[in-house]
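In: 3D model of this:
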Amino acid sequence: MKKIQLLTGALLVASSVFAQQAEPTKIDHVQHSKKTVQTIESTKSVAIWSNDFSDASTWNLTNTGDEDINWSIETDVNAMPDAAGGALFPFASTTASNGYALINSDGAPGNTDGNGAIIAQLTTVNPIDLSANSSVLLKFSHNYRWYKDTRGVRVSGDNGSTWTEYELTNLDGYPNDQNSENPTVEAINISAVAGGQSQVLIQFYYNDNDIWAWYWAVDDVEILDLPANDITLSSAWVSSTSGVEYGRTPLAHVSDTLIVGGQVYNFGSDTQSDIEITLDVNDASGSSVISEYSTIASLENDSTDFGQVVVTEFNLAKGIYEFTSVASSTGDNANGSSFGDNTYVRNFEVTDNLYSVDGVDVYDSSISSVDGIGTNYGNGTIVMVRYELLVATDVVGLELGIHSASAVDGQVFPFLVTEDVMASEDVDLSSSNRIAENEEGVMLSQADIDNGVMFVELTPTTLSAGVYYACIELYTGPGEDDALYILDDETVAQPNSASMIYTADDGSAWTNGTAAAVRLAINDYAVGIDEAKTALFSVSPNPSNGVFTVTANNADNYTLEVINVLGEVVSAKSIEGSMNETVNVSELNAGIYFVKVSTATSQNVQRVVIK
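Out: Predicted coordinates for the structure are as follows:
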C-alpha cells in the first residue's frame, strides 16, 4: 500500500505549543461538499429568543460518560486551560463576564488515564415557543481548541422526545479549525426541526472520545428569523491546473493556464436564482489582469454549488496581485442587508527567484492563519513541499519560515527529491534518492529566529522541467526543549500533495492540506528582507572574493558581524558614527555568508556570496 496517509494523533509529539497534532480531513478546492453549518460575522435580524448564561438556572448540566467531568457556568474570562498556550483567552464573547458555559476536558482523568470518556450535555430547561416562526436560525459565540473530540448542537422540536444533531467538529478540516477565532460565531439553520414548533429545546453536547482533548466555551445563544435571501461565498481559488495555490511563483514558472473559481452556499430560506461569481485579478496599481465570471442558475436553501473558469489569456509580471471573488444573486446583492459575507480577497506574488506554496507575509493579516510544524514529531522529521518547474532551473537552496518558538542550534539538512520518489509504492527518502543534499546541515541561529527566515544552502544544481519536492530533515538542539518549528500556513486549503511530512518513527509520509514554509530558492536568490530593514546598510560588491564594504550613512554605534551558514560568527567589529567599513574575510571558503549589523534599537541581516 502506498504510504501517503492522513496525519493521525498516534504520531510522536513533544511538549510544546504545537504538541497536539490531530487527524485532518482535507477537501480539495475543486471538490465541493454540502455544508450545513456556516460562520457569520454579524446578526442579520432581531433575536426571537436569547440566553447569555447570566442565569445558570435556565440550563441543565448533565454528564453521561464514565468520567465525572461536566459543563460549568463561569464568569472568569481566563478559565480556559493554560495548555492552549494562552493564545485563545481571555474569552472575548460579548457577555463573557456575566456568565458563559465551559467544558474543560484538558487534564481531566479521562484524558490522561484512558479509563473513561467525558460525555456532557448542556440543555435549555424551558422549551422555546417558535410556533410563529417557520424559518429560524440558531446562532451562538464560542471559543475552542479541538483535538479529536466531538462537539455540536442537538435540537428538539417536541420537548426532548426526539433530537436532531448538528455536529460542529472539523467544519473546515484540521488544522484550519483546531484553534477557533475568539470568538467564533456560528449559525445553523434549524428550520426543519424547530420551525413552527412550540416546544423547542437546545442542547450543546461534548464527547472527548476517551482521548486527550482540550476545551469548549459557549456564550450568547440566540434564535433568529432566517433571512429569506442570504448566499455566502464559502471559498474561492486561483491556482494552476495542479490545484496548488502558490503564495509566490517565480515569473518563469507562472503557468499559462490558471483556474479561478468560487463556492457558494445558500444560507437563506428562499431558493436563489441568477447567481453570479465574479473572479478578478488586479495588479498592485489596480489594473485588471484577469476578469471572469461564472454563473449558477439556481440554488436551493441549505445547498452548495460552485463555478470556475479556465483562463489562458493573461499577462503576469513581477509583483503583488490581488484576487477578488464576489458572489451575488437576484435576492442577495450589494443592495441587500446580507451582502457582507459574499466576498473573498487574497494576494499572491510573482517573484524573480523565490517559489513558495505558503503565503506568509504575502497574505493579508485579516485572513492569514499560521501555526508551526517540526521536531514536535520527533528528530529526523522531514517536511516536504511540492514545486512544479516549467523550465530548466538553477536551485541554490531553500528558504525556511522560522517560528519564533524555535530554539537556537536546531539543525536542518536540506535536499530535493523527484515526484517519482513520492509516487512510489514505498516512499524512500534515503540518500540514494536525494538530489543536491547538504550532508553537513545548517544550524539555526538567533538571527534566523529574530528575522523569521533561514536560508539553507544546497550545491547549485540545474533541474530540468518537472515536479520536485523541497525537503528538510529536522533535529532539535542539544537541550531537551530546543525544538525547531517551520511556519505552517493554514490560510488556504491545499491539495494533499502540496505539503507533507515524513516521520522517522513509522517510516511513513503524511499530509494535512496546509502549506509548510519550505521555499525553493532559485537563480540569483537573496534572503528576503523588507526594504525598510535593508536600508540600514548596504554591502558591495556582492558577490565578492571575500573583500567587501559595508556602508551605513546614519551615525550610530554599530556591531558588524559576518556569520556562516552554521550560525557561527567568523568576524566581528564595533564601529562608532557613520559606517564605511571594509571587511576582509578572503581566507574563508567560498559559499554563502550573512552580514549582520546591529544597533541598540535594531538589527538587520543581508546575505553575501564569497566566490
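
In: Low-confidence stretches in the stretch 401-550 of the chain?
Out: 480, 504-509, 512, 526-536 (pLDDT under 70).

In: do the stretch 101-250 of the chain as well
Out: For the stretch 101-250 of the chain, residues meeting the criterion pLDDT under 70 lie at 107-116, 169-179, 212.

In: need the helices for the stretch 501-611 of the chain, in chain order.
Out: Listed from the start of the chain, the stretch 501-611 of the chain has helices (DSSP state H, counting those that start in this stretch) covering 531-534.

In: er, the stretch 251-400 of the chain I mean
Out: Chain-ordered helices for the stretch 251-400 of the chain, with DSSP H, counting those that start in this stretch as the definition, do not occur.

In: how about low-confidence regions in it?
Out: If you take pLDDT under 70 as the line, the stretch 251-400 of the chain has no such spans.

In: Spatially nearest residue to the residue nearest the centre of the chain (excluding sequence neighbours)?
Out: Centre of the chain computed as the mean C-alpha position; nearest residue by CA atoms, centre = their mean is residue 490, 1.3 Å away. Nearest in space to residue 490, with sequence neighbours left out and distances taken as CB to CB, 6 or more residues apart in numbering, is residue 369 at 4.3 Å. All C-beta atoms are positioned from the backbone trio N, CA, C, and that covers glycine.

In: So what's the residue count around the one you found?
Out: By the criterion of other CB atoms under 10 Å, residue 369 has 16 neighbours.

In: My read is that it contacts residue 488, right?
Out: No: look at residue 369 against residue 488 with CB atoms under 8 Å: they stay out of range, at 9.5 Å.

In: ranges for the strands of the stretch 151-300 of the chain?
Out: Applying DSSP state E, counting those that start in this stretch to the stretch 151-300 of the chain gives strands spanning 164-167, 184-189, 201-207, 215-225, 231-239, 248-250, 258-266, 272-282, 288-299.

In: so can I have CSV of the ones you listed showing distance to residue 73?
Out: Converted to CSV, those look like this (distance: least, CB to CB, whole Å):
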stretch, distance to residue 73
strand 164-167, 22
strand 184-189, 20
strand 201-207, 12
strand 215-225, 10
strand 231-239, 32
strand 248-250, 48
strand 258-266, 33
strand 272-282, 40
strand 288-299, 40
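
In: Number of residues surrounding residue 60?
Out: Count around residue 60 with other CB under 10 Å applied: 13.

In: May I have the strand or helix carrying it as PDB, with CA atoms only?
Out: In this structure, residue 60 sits in strand 59-63 according to DSSP states H and E. Extracted in PDB, the C-alpha atoms of strand 59-63 (Å, rounded to 0.1, in the frame of the first residue of the first chain):
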ATOM      1  CA  TRP A  59     -29.600  25.400  31.800                       C
ATOM      2  CA  ASN A  60     -29.400  21.700  32.800                       C
ATOM      3  CA  LEU A  61     -25.800  20.400  33.100                       C
ATOM      4  CA  THR A  62     -25.700  16.700  32.700                       C
ATOM      5  CA  ASN A  63     -23.000  14.000  32.300                       C
END
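
In: Measure how that strand sits relative to strand 215-225, angle-wise.
Out: Per axes from the mean of the first three to the mean of the last three CA atoms, to 10 degrees, the angle that strand 59-63 makes with strand 215-225 is 140 degrees.

In: And stretch 312-330, what's buried?
Out: 314, 316, 321-323, 325-329 (16 or more other CB atoms under 10 Å).

In: Same check on stretch 413-428?
Out: 413-417, 421-422, 427.

In: could you dump the residues you listed to JSON lines with secondary structure and distance to residue 193?
Out: Converted to JSON lines, these look like this (DSSP: H, G, I helix; E, B strand; the rest coil; distance: CB to CB, whole Å):
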{"residue": "413", "secondary structure": "strand", "distance to residue 193": "56"}
{"residue": "414", "secondary structure": "strand", "distance to residue 193": "55"}
{"residue": "415", "secondary structure": "strand", "distance to residue 193": "55"}
{"residue": "416", "secondary structure": "strand", "distance to residue 193": "54"}
{"residue": "417", "secondary structure": "strand", "distance to residue 193": "52"}
{"residue": "421", "secondary structure": "helix", "distance to residue 193": "51"}
{"residue": "422", "secondary structure": "helix", "distance to residue 193": "46"}
{"residue": "427", "secondary structure": "coil", "distance to residue 193": "47"}
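
In: which one of those is nearest residue 543?
Out: Of all the buried residues of stretch 413-428, residue 414 has the smallest distance to residue 543: 20.9 Å, by CB to CB.

In: In this structure that closest one contacts residue 458, no?
Out: Yes: between residue 414 and residue 458 there is a contact under CB under 8 Å: 5.7 Å.

In: which residues does residue 73 contact?
Out: Residues counted as contacts of residue 73 (CB atoms under 8 Å, 6 or more residues apart in numbering) are 53, 56, 59, 61, 99-102.

In: quick one: which of the buried residues of stretch 413-428 is nearest residue 358?
Out: Nearest member of these to residue 358, counting by CB to CB, is residue 414, at 16.2 Å.

In: give the contact list for that closest one.
Out: The contact partners of residue 414, by CB under 8 Å, 6+ apart, come to 397-398, 437-438, 442, 456-458, 470-473.

In: Same check on residue 599?
Out: So residue 599 contacts 536, 556-559 (CB under 8 Å, 6+ apart).

In: please redo it, this time with the cut-off set to 7 Å
Out: 556-558 (CB atoms under 7 Å, 6 or more residues apart in numbering).

In: ok, the residue nearest to residue 490 to residue 238 distance?
Out: 18 Å (CB to CB, to the nearest Å).

In: do residue 208 as well
Out: 39 Å.

In: So residue 168 versus residue 206, what's the distance?
Out: 10 Å.

In: who has more neighbours, the two?
Out: More crowded of residue 168 and residue 206, by other CB under 10 Å: residue 206, with 27 against 21.

In: Verify the stated contact: that one with residue 120.
Out: Yes: counting by CB atoms under 7 Å, residue 120 is a contact partner of residue 206 at 5.1 Å.

In: Distance of residue 206 relative to residue 285?
Out: Applying CB to CB, the value for residue 206 to residue 285 is 51 Å.

In: Equivalent analysis for residue 559, please.
Out: Distance, residue 559 to residue 285, by CB to CB: 40 Å.

In: Give me the more crowded residue out of these two.
Out: Each of residue 559 and residue 285 had its neighbours counted (other CB under 10 Å), and the higher figure belongs to residue 559 (14 against 6).

In: Now the more buried one: closest residue in space, sequence neighbours ignored.
Out: Distance criterion CB to CB, 6+ apart; nearest residue to residue 559, sequence neighbours excluded, is residue 598 at 4.5 Å.

In: By neighbour count, which of the contacts of residue 73 wins?
Out: residue 100 leads these on contacts (other CB under 10 Å) with 27 neighbours.

In: give me the beta-bridge partners of that one?
Out: As for beta bridges, residue 100 partners with residue 74 under DSSP bridges.

In: which ones are touching residue 403?
Out: Counting by CB under 7 Å, 6+ apart, residue 403 makes contact with 372, 485-487.

In: just the contacts of residue 414 now: which is nearest residue 180?
Out: residue 472 (29.9 Å).

In: could I get the contacts of residue 599 as JSON lines with distance to residue 494?
Out: Formatted as JSON lines, the contacts of residue 599 follow (distance: CB to CB, whole Å):
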{"residue": "556", "distance to residue 494": "44"}
{"residue": "557", "distance to residue 494": "46"}
{"residue": "558", "distance to residue 494": "43"}
